[in-house]
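Chemist: Turn this into a model:
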Amino acid sequence: MKNSTLTFLLTERRRFSGQNINPDIAKALGRSDKLPVLNPGEQAQLERHVSILPRRWPMAALTRQYDVKDAANYCWLRADPAYIRAEMGVVRLLSCGDLGLSQYEAEELIKPLKIIFGDVGFPLSAPDPSRWYLMLPKESKLPVFQTPDTAIGADIFSQFPSDDTSKRWRALLNEAQITLHNHPLNAERIEKGLLPVNSLYFWGGGLLPDQVKFHANQIISDDIDIKSLMLNAGINPEEKNIGAVLQDVRKLRDWSLFEQEHFFPALAELKNKKYTSIMLDYSDGASYEIKSSQKWRFWRSALHDFP
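Modeler: Below is the predicted model of the structure:
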C-alpha cells in the first residue's frame with residue numbers, strides 16, 4: 001500500500017505539561033506505538049523529514065533565497081537581532097529573531113553595524129525585520145553555530161565552537177554588542193517597555209544546497225524555514241498531492257486546540273482509511289504512531305499525561 005501517513009510536527013512535550021487530554025485521545029495514545037527517542041531540537045526534527053545534499057543545513061542561504069531570491073553564488077550567515085542579559089558570569093541569550101521590530105527600526109539598527117561588517121568585507125542587510133543576513137565570499141569557512149532554539153537560555157558565547165575560526169566572530173560580536181548598546185533607538189524601545197536589540201545571533205551559515213527533498217508528498221506549514229525548504233525542493237504548497245502528509249503545528253501550545261482542530265479530524269480520516277497511520281513527532285525527540293489496528297489493544301491503559 002502506498003504510504004499515506006499523516007505526520008504532525010509538534011513542539012516539545014513539556015509545553016503541554018499539566019493540560020488535560022481528552023479520554024478518547026488518551027485511549028488512542030495509550031494503544032499507540034511509542035517509537036525510540038531520537039535527537040531533540042527543531043533542526044533534528046526537520047532532518048527526520050527532509051534530505052539535503054550536501055549534508056549541511058545552510059538555513060541562512062535557504063531563507064535568503066526565500067526572502068530575496070539572490071542567494072546563489074555567495075555564502076550566507078544569519079546575524080539575527082537578539083536580546084541578551086548579563087548574569088553571574090554568563091551572557092544569556094533570551095530572545096532571537098522576532099523582537100517586534102518594524103522595517104524602519106531594523107534599518108536604523110543596522111546602519112552602524114554595516115560599517116563594522118563592511119570593513120571586513122561582509123555586507124549586512126535586513127530584508128525582513130526578524131531575519132538579518134551577512135553576505136560572505138563563496139569560499140568562506142564558517143564555525144558551526146547552534147540553532148537559536150538550542151541556544152535560547154544559554155550563554156551566547158558558549159555557542160561558539162572552540163577553534164580558531166571562532167576568534168574573529170567573537171570579536172565582531174563584541175563590537176556589534178557595544179554599538180547596539182549605545183544605539184539611541186534601543187533607549188527609545190526601553191522607554192516604551194520593549195526589548196532592546198543588544199546583540200546579534202550568528203547561525204545557519206553556508207551555500208545553497210544542491211538538492212532538497214522532503215520525504216512526504218504534501219507539506220502544510222506557515223514556518224519560514226519550512227517554506228524556504230519547500231521553495232528549494234520545488235514543492236508548490238497549493239498542490240494537494242496524494243500520499244504522505246507532513247503538517248507543522250509546532251506553534252500550538254494549547255493541547256485541546258490541537259485535539260479539536262487536528263487530532264480528532266485525523267482520527268476520523270484514519271478510520272475512513274484516508275491515512276494508513278498518524279505520527280506525532282515532538283521536537284524533544286519523542287514520537288508515537290497510531291494505526292486503526294491498535295483499537296484491539298484493549299488491555300493497554302489510556303495515556304493521561306505527557307511522559
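Chemist: which residues does the residue nearest the centre of the chain contact?
Modeler: Residue closest to the mean C-alpha point of the chain, counted by Cα atoms, centre = their mean, is residue 42 at 5.3 Å. Contacts for residue 42 (Cβ atoms under 8 Å, 6 or more residues apart in numbering) come out as 147, 149, 250, 283. Any C-beta I mention is one placed from the backbone N, CA and C, and that applies to glycine too.
Chemist: change it to 7 Å
Modeler: 147, 149, 283 (Cβ atoms under 7 Å, 6 or more residues apart in numbering).
Chemist: what about the last one, how many neighbours?
Modeler: This points to residue 283. Residue 283 has 20 neighbours, counted by other Cβ atoms under 10 Å.
Chemist: how much space between it and residue 265?
Modeler: According to Cβ to Cβ, to the nearest Å, residue 283 and residue 265 sit 22 Å apart.
Chemist: got it, and the second one?
Modeler: Noted for residue 149: a distance of 28 Å to residue 265, by Cβ to Cβ.
Chemist: what about these two, which has more around it?
Modeler: residue 149 (17 against 12).
Chemist: Just to check, that one is in contact with residue 41?
Modeler: Yes - with contact defined as Cβ atoms under 7 Å, residue 149 counts as touching residue 41 (6.3 Å).
Chemist: Show me where the protein has its helices.
Modeler: Here the chain has its helices, by DSSP state H, at 23-30, 42-47, 59-67, 103-118, 148-151, 165-181, 184-191, 224-233, 255-258, 264-271.
Chemist: Out of those, which gets nearest to residue 246?
Modeler: Proximity to residue 246 (Cβ to Cβ) singles out helix 224-233 among the helices of the chain, at 8.6 Å.
Chemist: Now do that closest one against helix 59-67, angle only.
Modeler: The directions of helix 224-233 and helix 59-67 differ by 80 degrees, with axes from the mean of the first three to the mean of the last three Cα atoms, to 10 degrees as the criterion.
Chemist: how far does helix 224-233 sit from the chain's center?
Modeler: Offset of helix 224-233 from its chain centre (Cα atoms, centre = their mean, to the nearest Å): 12 Å.
Chemist: Could you export it as CSV, CA atoms only?
Modeler: C-alpha atoms of helix 224-233 as CSV (Å, rounded to 0.1, in the frame of the first residue of the first chain):
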residue,chain,number,x,y,z
ILE,A,224,9.6,30.3,7.2
ASP,A,225,12.3,27.7,7.5
ILE,A,226,10.0,25.0,6.1
LYS,A,227,8.6,27.3,3.4
SER,A,228,12.2,28.0,2.4
LEU,A,229,13.0,24.3,2.2
MET,A,230,9.9,23.8,0.1
LEU,A,231,10.9,26.5,-2.3
ASN,A,232,14.3,24.9,-2.8
ALA,A,233,12.7,21.5,-3.1
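Chemist: Report the contact partners of residue 269.
Modeler: Residue 269 touches residue 275, counting by Cβ under 7 Å, 6+ apart.
Chemist: Just the pLDDT at it, thanks.
Modeler: pLDDT recorded at residue 269 is 94.
Chemist: measure stretch 92-103 end to end?
Modeler: Length of stretch 92-103, first residue to last, Cα to Cα, to the nearest Å: 26 Å.
Chemist: Could you check it and say which residues are buried?
Modeler: By neighbour count, and taking 16 or more other Cβ atoms under 10 Å as the criterion, the buried residues in stretch 92-103 are 92-93, 95-97, 99, 101.
Chemist: biggest separation within these, which pair?
Modeler: 92 and 101 (20.5 Å).
Chemist: tell me the domain ranges of this structure?
Modeler: Here the domain parsing of the chain from automatic domain parsing is 6-53+212-296, 59-206.
Chemist: Residue 306 is nearest to which of the ones you listed?
Modeler: Proximity to residue 306 (Cβ to Cβ) singles out domain 6-53+212-296 among the domains of the chain, at 4.2 Å.
Chemist: Just list the residues touching the nearest residue to residue 103 once chain neighbours are set aside, thanks.
Modeler: Distance criterion Cβ to Cβ, 6 or more residues apart in numbering; nearest residue to residue 103, sequence neighbours excluded, is residue 129 at 5.4 Å. Neighbour list for residue 129: 101-103, 105-106 [criterion: Cβ under 7 Å, 6+ apart].
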